[in-house]
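Colleague: One predicted model, sequence on top.
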Amino acid sequence: MNAESLRLQQNASKKIPLEQWGPYLSERQWGTVREDYSHHGDAWRYFPFEQSHCRSYIWGEDGLAGISDYFQNLCFSVGFWNGHDKVLKERMFGLVNFEGNHGEDVKELYYYLDNTPTHYYMEYLYKYPHKAFPYEKLREENRKRSRHEPEYELLDTGIFDKDEYFDCHITYAKNNSTDIFIKIQVTNRGSHAADCTVLPTLWFYNRWQTEKKFRKPTIILKDEKHVRATHERIGAYNLYFQKADNLMFTENETNQKLVSGKEHRSIYTKDAINDAVINGKNLHLVKKRKHGTKFSPVYKLHLKAGESKEIYLRLVDSAPADPFPSQFKQLFVTRKKEADAFYDEILTTPKNSDIRSIQRQALAGLLWSKQYYHYDVEKWLSSGDGITEPGDGKKWGRNHDWKHLKNQDIISMPDKWEFPWYAAWDLAFQCIPLAMVDPTFAKNQLLLIMREWYMKPDGQLPAYEWNFSDVNPPVQAWAALEVFKIEKQYTGQGDLVFLKKAFHKLLINFTWWINRKDPNGNNMFEGGFLGLDNIGVFNRSAPLNDSMHLEQADGTAWMGMYALNLLDMALEIAMHDPSFEDAATKFFEQFVLIAEAINHHGMWNEEDEFFYDTLSISGSAPIQLRIQSIVGLTSLFAVSIIRKEMMEKLDDFSKRISWFENYRKKNNLFWPNEEHGERDRTLVSLLPRERLEALLKRVLNEDEFLSDNGIRALSKYYEKNPYTVHIAGIDHTIQYDPGDSTSDFFGGNSNWRGPVWIPMNYLIIRSIRRYGRFYGDSLKVEFPTGSGEKYNLKEVANKLTERLSRMFLKDEEGKRPCFGEYHEFYTRPGNEHLVLFNEYFHGDSGKGLGASHQTGWTALIAELIERAGK
């Protein structure tokens, strides 16, 4: 077993299976719901980027390439200054929702290069321009653009055209869990000399401003290369560093004069170091001070063209006699080799290949996206932040019915800038690739969101902090099963205790769905947008008038999948614990009823051979919303293969299913697709074989769903044939829209009307592969439709994986489709290996769109590649 795997094994036995130090610092705390104390929920305006350098946070911290302990008491990150900017580059800049023509978006170039689950080795790259960062130009140009135009990006400004920038590499190598060596390497990529000021920064999260019980911690100067940080909860840590040009101390406290106009009793505010470096304001006082809660050694680097310089630091909870022994640099080499050995054991793709690099960077981004998340809704609703007192608008506004929610955990985030908050279904997808590298953490994450300080007493899971009451698809049972199987595949043993814990909590959530989202009691479910922001011809989360009711094909299919997943979980557990056998029977019968509803109660259209949402209108015939989208394809996801040994061992289950089948068939009642194949396996699915083939004919049609880079979320047919429906005197229209969103649904920063989404493709591919395992060569389909070339479904799944992978792989000219028109920058020497994992991808070109660092669910590509290879 390699060194990293041994460390993971040791951590798995801990009560909290976490490393004490990791990349737990957010990349954006400003503009979040948690920091919004306005009376009417205006998070973006209440705490803007312009105040992030001078105003302390209440619920967490942020920084660039930062780390913290797992309660975020003490934080470390790196700041830079090019001599031109008006503020230090201490955190990432981006447009807020109303500034971008497609919503909020980070406007920086940074890359997660490497990481291991224990964070004993981490590598990060930030690209910083020589010239003044174009903050206003980015704002102005994006404000000018309409929703029908692309976003104006940092590379569009021309600031990187002549390579006039610094490559800032930040690397962490742990000696042990509480002893961390840090290397900051700055390289001048330009053809002329340039200056860069580097500020490694150590500071305390300011809990003392709102929690009087917390004793104020302190960082004190011990000598010119050493400070000691002391905190009542974590004890003392020493930061050792090489000789700096200046040493600067201040306090992590709000500059009240700038923020609220009130006089502040001290000059030592959060922005004092910023002002001292940039404007020379109070420079002698900041340099003279020997203590504080925020500290930076300041390095003024002059770099010739192509030159690199390195700065080393060490953060440790002991006091070594020699902080930098003669061989300390070798630790970075050792930890890098250990990281390579760890991934060599997990990944089967060729070493040093482009596809292996893609997997490594996808998994690195996933691990870099762990974040400390703190939010006590009851406390937040009833308190102020020292600037604004609580009012009725806030007390009865956003999330007021989630007072039980008290989160303070390390959570895998979708994107630590654009989405620095968890989302229920994102987290489920994220746990799949996480299970490849750290199944213990993946299991912990799935169970965490079901705990009583997350799940509502009635069983609802929190969606995301902008509105915990929104409804995401119920994919937690599916994710739990996948994590169980992945761990069993890698270790040879599945964790039944985990499966039981998840099952018990999911029973509560399943009951919530049955009671709350099936108002007519006919097993046809609703749920609103269900994570697919603008997929509907109208906003599916908007309330309809009293005479209308929307029954959703995807809501119903998701519940069919949910019932089947719980059936599979119960069967797996029942093989070892017969008390779960009855539960398996219950969920099989529930699945039958849902399958009957989606197949026989008006959602399937025989002419189109597709599933549609149905709008019921009082006094009128129901209207099928005939939109061929991912909504109708969710019916593919509910498929299971029951093994022969399960049917033989679980005698009561077998007898009950046999009786139920005979009863329903005898009384001419619906019976779902159930086929018996080789080795006496039983296929159970929502789709009869002929409907599966009909759907696949559309899915694999290049004029409809199939693109060069995966499956589109909406058929390309609507590019020339927009769909319009007339409801209550209003025409609603939907058209194929392969790029950024042109609608304003849910903020307008995500688009489901044509782009390729990795998580949906993952589910489609996994389902097709499962059908393929059952049917083998007895079922072959054309790929692409109309080509005359037929393949079995396992081969189709591999071909779809190849198309998805194509977005990230270099073509013959060294270009990656995911970079679109910016390929020139990414084919320059030194940039060829870089990859970004966007939120979604253009339905025709494969260009990455939306959040640029969503190595949450987009990291699924690493697992897809691995599975196709095997």
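Modeller: Noted; the coordinates are in hand.

Colleague: now the closest residue to Leu125 other than its chain neighbours: how far from Phe841?
Modeller: Excluding the flanking residues, the one nearest Leu125 by C-beta to C-beta, 6 or more residues apart in numbering is Tyr111, at 4.5 Å. Yep, even glycine has a C-beta here, placed from its N, CA and C like the rest. Relative to Phe841, Tyr111 is positioned 18 Å away (C-beta to C-beta, to the nearest Å).

Colleague: secondary structure class for the residue nearest to Leu125?
Modeller: When classified by DSSP: H, G, I helix; E, B strand; the rest coil, Tyr111 comes out as strand.

Colleague: burial of it, as a residue count?
Modeller: When neighbours are counted by other C-beta atoms under 10 Å, Tyr111 registers 20.

Colleague: show me the contacts for it.
Modeller: Contact analysis of Tyr111 by C-beta atoms under 8 Å, 6 or more residues apart in numbering lists 124-126, 361, 834-836.

Colleague: Tell me if Asn545 really is in a strand.
Modeller: No - assessed with three-state DSSP, Asn545 is coil; it does not lie in a strand.

Colleague: Enumerate the positions of stretch 785-805 that are buried.
Modeller: 785, 791-801, 803-805 (16 or more other C-beta atoms under 10 Å).

Colleague: Looking at that stretch now, give me its mean pLDDT.
Modeller: Averaged across stretch 785-805, pLDDT comes to 97.

Colleague: Kindly report the same for stretch 665-683.
Modeller: 85.

Colleague: Mind listing the residues bridging to the nearest residue to Gln72 once chain neighbours are set aside?
Modeller: Residue nearest to Gln72 in three dimensions, not counting chain neighbours: Tyr372, with 4.2 Å by C-beta to C-beta, 6+ apart. When bridges are called by DSSP bridges, Tyr372 pairs up with Ile410.

Colleague: and Tyr372, how many neighbours does it have?
Modeller: Counted with other C-beta under 10 Å, Tyr372 comes out at 24.

Colleague: Ok, the one 3 residues further on next?
Modeller: Residue crowding around Tyr375 was assessed by other C-beta under 10 Å; the count is 24.

Colleague: and it, which of the three is it?
Modeller: Of the three states, Tyr375 takes strand under three-state DSSP.

Colleague: Output stretch 753-760 in PDB, but only the C-alpha positions, please.
Modeller: Output in PDB follows, covering the C-alpha atoms of stretch 753-760 (Å, rounded to 0.1, in the frame of the first residue of the first chain):
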ATOM      1  CA  ARG A 753     -31.900  24.500 -23.500                       C
ATOM      2  CA  GLY A 754     -29.200  22.800 -25.600                       C
ATOM      3  CA  PRO A 755     -25.800  22.600 -23.900                       C
ATOM      4  CA  VAL A 756     -24.100  19.300 -22.800                       C
ATOM      5  CA  TRP A 757     -24.200  18.700 -19.000                       C
ATOM      6  CA  ILE A 758     -21.800  16.100 -17.700                       C
ATOM      7  CA  PRO A 759     -24.000  14.800 -14.800                       C
ATOM      8  CA  MET A 760     -26.900  14.000 -17.100                       C
END
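
Colleague: what residues does that stretch touch?
Modeller: Stretch 753-760 is contacted by residues 429, 534-535, 629-630, 633, 707, 709-714, 716, 734-739, 741, 743, 804, 807, 840-843, 846, 849, 857-858, 860-861 when judged by C-beta under 8 Å, 6+ apart.

Colleague: Buried among the residues you listed? Make that a ChimeraX selection.
Modeller: Here is the ChimeraX command that selects the buried residues among these (16+ other C-beta under 10 Å):
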select :429,534,535,629,630,633,707,709,710,711,712,713,714,716,734,736,737,738,739,741,743,804,807,840,841,842,843,846,849,857,858,860,861
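
Colleague: Can you pick out the ones from the contacts of stretch 753-760 that are in helices?
Modeller: Mapping these onto helices (DSSP state H) picks out 429, 630, 633, 804, 860-861.

Colleague: Among the contacts of Tyr111, which one sits closest to Asp167?
Modeller: Among these, Leu125 lies closest to Asp167 (C-beta to C-beta), at 6.4 Å.

Colleague: Remind me which helix or strand the closest one belongs to.
Modeller: Using DSSP states H and E, Leu125 falls within strand 121-129.

Colleague: coming back round to it: thinking the residue nearest to Gln72 is in contact with Pro23, fair?
Modeller: No - contact criterion C-beta atoms under 8 Å: Tyr372 and Pro23 do not qualify, at 10.0 Å.

Colleague: pLDDT at Ser541, what is it?
Modeller: pLDDT for Ser541: 86.

Colleague: Backbone dihedrals for it, please?
Modeller: Main-chain dihedrals, Ser541, degrees, to the nearest 10: phi -90, psi -10.

Colleague: From Asp438, how far out is it?
Modeller: Note on Ser541: its distance to Asp438, by C-beta to C-beta, is 35 Å.

Colleague: Counting neighbours, what do you get for the nearest residue to Tyr663 once chain neighbours are set aside?
Modeller: Nearest non-adjacent residue to Tyr663, counting by C-beta to C-beta, 6+ apart: Leu669, 7.7 Å away. By other C-beta under 10 Å, 13 other residues sit near Leu669.

Colleague: so when I look at Leu669, I'm seeing a strand, right?
Modeller: No - going by three-state DSSP, the assignment for Leu669 is coil, not a strand.

Colleague: Test my guess that Ser635 contacts Met559.
Modeller: No - between Ser635 and Met559 there is no contact under C-beta under 8 Å: 11.3 Å.

Colleague: the strands in the stretch 751-870 of the chain, which residues?
Modeller: With DSSP state E, counting those that start in this stretch as the criterion, the stretch 751-870 of the chain has strands at 780-782, 790-792, 840-841, 848-849.

Colleague: Any chance of TSV for these, columns distance to Phe529?
Modeller: Shown next, in TSV, are these (distance: least, C-beta to C-beta, whole Å):
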stretch	distance to Phe529
strand 780-782	31
strand 790-792	35
strand 840-841	15
strand 848-849	19
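
Colleague: what are the pairing partners of the worst-scoring helix or strand of the chain on mean pLDDT, and which direction each?
Modeller: Within the chain, confidence by mean pLDDT, DSSP states H and E is lowest for strand 673-676 among all helices and strands, at a mean of 77. The partner list of strand 673-676 in its sheet, established with DSSP bridges, is strand 682-685 (antiparallel).

Colleague: Output the partner strand as CSV, nothing but the C-alphas.
Modeller: C-alpha atoms of strand 682-685 as CSV (Å, rounded to 0.1, in the frame of the first residue of the first chain):
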residue,chain,number,x,y,z
THR,A,682,-33.9,-10.1,-13.8
LEU,A,683,-34.1,-6.7,-15.5
VAL,A,684,-36.5,-4.2,-13.9
SER,A,685,-36.9,-0.8,-15.6
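
Colleague: doesn't Glu551 make contact with Gln603?
Modeller: Quick fix: residue 603 reads Met, not Gln. Yes - Met603 is within contact range of Glu551, at 7.3 Å (criterion: C-beta under 8 Å).

Colleague: how deep is Glu645 tucked in, by neighbour count?
Modeller: Using other C-beta under 10 Å, Glu645 is surrounded by 11 other residues.
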